[in-house]
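Q: output the structure for:
(2 chains)
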Number of protein chains: 2
Amino acid sequence: MRYGYFGTMRVKPGHRDEVVATLVSGQDGLRAAGCDLYAVGVSDDDTGDKDLVWVTEIWVSKEAHDASLGLPEVKAAIAKTMPLLTGEFTGQEVEIVGGLGVPGDH
Amino acid sequence: MRYGYFGTMRVKPGHRDEVVATLVSGQDGLRAAGCDLYAVGVSDDDTGDKDLVWVTEIWVSKEAHDASLGLPEVKAAIAKTMPLLTGEFTGQEVEIVGGLGVPGDH
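A: Next comes the predicted model:
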């Protein structure tokens, strides 16, 4: 089964757009590394938490995900982003059974 | 921006596979209704919560998502699934800024 990772990171006030831009742009090597989805989300509605960034990832395997943390562009994105974060993270790993948009769903 | 919905539903013990099968199979009309992703996940590792099902959705808009709840196949899937659930749900709506696998990312 594919590997899913759903996480949030809290951004220091005023730096969200910078973090989002880095996360969305650093995508080149991810597909080749086995990433199907790396979606970046925010919540700007009334009840939303404006300093929180959501990341939703689907990978061919947990091993591929873990190995990607060694990619130069991923390391660069982490180095660029980390100083702009408060250090508060949440994360949930799941096994992706299937569904629309999940490779192998057709 | 695209609409993201990340939710969990708690399943009555022993019924998870049945619920997952229904959620994964009922996909026909979703793409046409504006759904890009409807990924169904579980967690079977040691720390996992075996009676929880994760659903990760990305839609062209919130309106498309909300309208889909009126689709016959969605209504049928809900009717089939609801009796197998405890009624405990979590849900988070986000605006999907972009990223790998999000339409418009290339």
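Q: near chain B, which residues of chain A are found?
A: For chain A, the residues found near chain B under the criterion CB under 8 Å from any CB of the partner chain are A:4, A:6, A:20, A:23-24, A:27, A:30-31, A:35-45, A:54-56, A:58, A:92-102, A:105. In short, each C-beta sits where N, CA and C put it, glycine included.
Q: counting neighbours, which of those residues end up buried?
A: The neighbour-count test (16 or more other CB atoms under 10 Å in any protein chain shown) marks A:4, A:6, A:20, A:23-24, A:27, A:30, A:35-43, A:54-56, A:58, A:92-102 as buried among the residues of chain A next to chain B.
Q: out of the residues you listed, which sit inside helices?
A: Secondary-structure check on these using DSSP state H: residues within helices are A:20, A:23-24, A:30.
Q: check the residues you listed and tell me the two furthest apart.
A: When these are compared pair by pair using CB to CB, the two farthest from each other are A:Val20 and A:Leu30, 15.9 Å apart.
Q: least trustworthy helix or strand in chain A by mean pLDDT?
A: Confidence across the helices and strands of chain A bottoms out at helix A:28-32, with a mean of 87, counting by mean pLDDT, DSSP states H and E.
Q: can you give me the strands in chain A?
A: Taking DSSP state E as the test, the strands found in chain A are A:2-11, A:35-42, A:52-59, A:85-100.
Q: where's the residue positioned nearest the centre of chain A relative to B:Pro83, distance?
A: The residue lying closest to the centre of chain A (CA atoms, centre = their mean) is A:Val55, at 3.6 Å. According to CB to CB, to the nearest Å, A:Val55 stands 34 Å off from B:Pro83.
Q: what residues does A:Thr86 make contact with?
A: A:10-12, A:51 (CB atoms under 8 Å, 6 or more residues apart in numbering or on different chains).
Q: can you put those residues in TSV and add distance to B:Leu71, neighbour count and pLDDT?
A: Rendered in TSV, the data for the contacts of A:Thr86 read as follows (distance: CB to CB, whole Å; neighbours: other CB atoms under 10 Å in any protein chain shown; pLDDT from 0 to 100):
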residue	distance to B:Leu71	neighbour count	pLDDT
A:Arg10	36	16	97
A:Val11	37	22	98
A:Lys12	42	14	97
A:Asp51	36	19	95
